[in-house]
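Engineer: the following block contains a protein sequence and its predicted model.
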Amino acid sequence: MTSPAGRADREAVIRVRGLENRFGPHVVHQNLDLDVWRGEVLGIVGGSGTGKSVLLRSIVGLKRPSAGTIHVLGTDVVNGPEKERLAVEKRWGVAFQDGALFSSLTVLENVMAPMREHLQLSTGLMQTLAGLKISLVGLPVTSCGKLPSELSGGMRKRAALARALALDPEIVFLDEPTAGLDPIGAAAYDELIRELQRSLGLTVFMVTHDLDSLYAICDRIAVLSDKRVLVEGPIETMTAVNDPWVQEYFTGPRARAAQAKG
Ligand SMILES: Nc1ncnc2c1ncn2[C@@H]1O[C@H](COP(=O)(O)OP(=O)(O)OP(=O)(O)O)[C@@H](O)[C@H]1O
């Protein structure tokens, strides 16, 4: 199967141009360009502190860039009108590394939270829809009434994913989705992402260090280095990249083991 990234009719659902992010004098991104194609799973990798999370946060509007443009689903999310930005925000979901669930709300209430904010539906209907999302991510129905603190780390990640799917998004952003999971849990989570991506036609933007995930589910990789996207392409092309970090990352023993598995 040809991935969306390789097709001529591909559509950029995210288009980043000339992005600059700085914290005081510290420049994290400069002249960063990136396209994310509809229907792909894109893995964002790079050394620690290269700005993977800041990139994700800029795209979803949690960090205002100091320069550059970001279009998501055709909307200018940096400088466009507030009304358009709010409308496009409903078309994506985000699952953060630690889940970032509301600790005082049950899993069901957490998944209902974006519905309450954006949809005018009866409580009963929202409960039904939230229950469907919770089963979609493979959580038992008994988890609906539990608080996040009563779940395992892996279950919390699934609950965060259910909340990210609450509004039937076109794009899902995942920050380190498998961090902290044991290898079996991580593989099951990868499989879930791939399955959901296929069945729901999602585009997935995933920040990860997990080589197993990269080999198992990513159509394309973008490597952040030197404040920009150093290189992007299918994982098979990474070993030919003439860069010490990329070489070490993609040809080291861990990469070879992940490749064998993937
Ligand atoms: N709120 C903030 N205030 C100041 N500096 C920040 C802030 N958030 C991030 N940074 C800095 O921006 C840089 C990029 O951070 P970011 O979290 O995006 O890195 P990363 O590539 O995701 O790293 P890791 O792989 O370690 O998670 C780091 O040097 C970090 O210290």
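Structural biologist: All right, it came through fine.
Engineer: what count of nearby residues applies to S122?
Structural biologist: Using other CB atoms under 10 Å, S122 has 8 neighbouring residues. The way it works is simple: take the backbone N, C-alpha and C, and place the C-beta from them, glycine included.
Engineer: how much space separates it from T128?
Structural biologist: For S122, the distance to T128 equals 10 Å [CB to CB, to the nearest Å].
Engineer: one more: D226?
Structural biologist: Distance, D226 to T128, using CB to CB: 49 Å.
Engineer: over to R156?
Structural biologist: Distance of R156 to T128, computed by CB to CB: 23 Å.
Engineer: who's more crowded, the two?
Structural biologist: The neighbour comparison of R156 against T128 (other CB under 10 Å) goes to R156, with 22 against 11.
Engineer: now do the phi/psi pair for the more buried one.
Structural biologist: Note on R156: backbone dihedrals following degrees, to the nearest 10 are phi -60, psi -40.
Engineer: okay, domains of this protein per the record?
Structural biologist: What the record gives for the chain is the domain set 12-91+169-260, 98-168, from the TED database.
Engineer: any chance of JSON lines for the ones you listed, columns mean pLDDT?
Structural biologist: Shown next, in JSON lines, are the domains of the chain (pLDDT from 0 to 100):
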{"stretch": "domain 12-91+169-260", "mean pLDDT": "92"}
{"stretch": "domain 98-168", "mean pLDDT": "92"}
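Engineer: closest one to the ligand among these?
Structural biologist: When these are compared by CB to the nearest ligand atom, domain 12-91+169-260 sits nearest the ligand, at 3.5 Å.
Engineer: you'd agree S58 is up against N21?
Structural biologist: Yes - look at S58 against N21 with CB atoms under 8 Å: they come within range, at 6.0 Å.
Engineer: intersection of neighbour lists for those two?
Structural biologist: Shared contacts of S58 and N21 (CB atoms under 8 Å, 6 or more residues apart in numbering): 29, 65.
Engineer: so the two - more neighbours on which side?
Structural biologist: Using other CB under 10 Å as the criterion, S58 and N21 rank with S58 on top: 25 against 22.
Engineer: could you find the closest non-adjacent residue to the more buried one?
Structural biologist: Nearest non-adjacent residue to S58, counting by CB to CB, 6 or more residues apart in numbering: P65, 5.2 Å away.
Engineer: the one you found and F23 touch, don't they?
Structural biologist: No - using CB under 8 Å as the test, P65 is too far from F23 to be in contact (11.6 Å).
Engineer: and the strands in the stretch 101-250 of the chain?
Structural biologist: Along the stretch 101-250 of the chain, counting by DSSP state E, counting those that start in this stretch, strands occupy 171-175, 203-207, 220-225, 228-233.
Engineer: perfect, that will be all.
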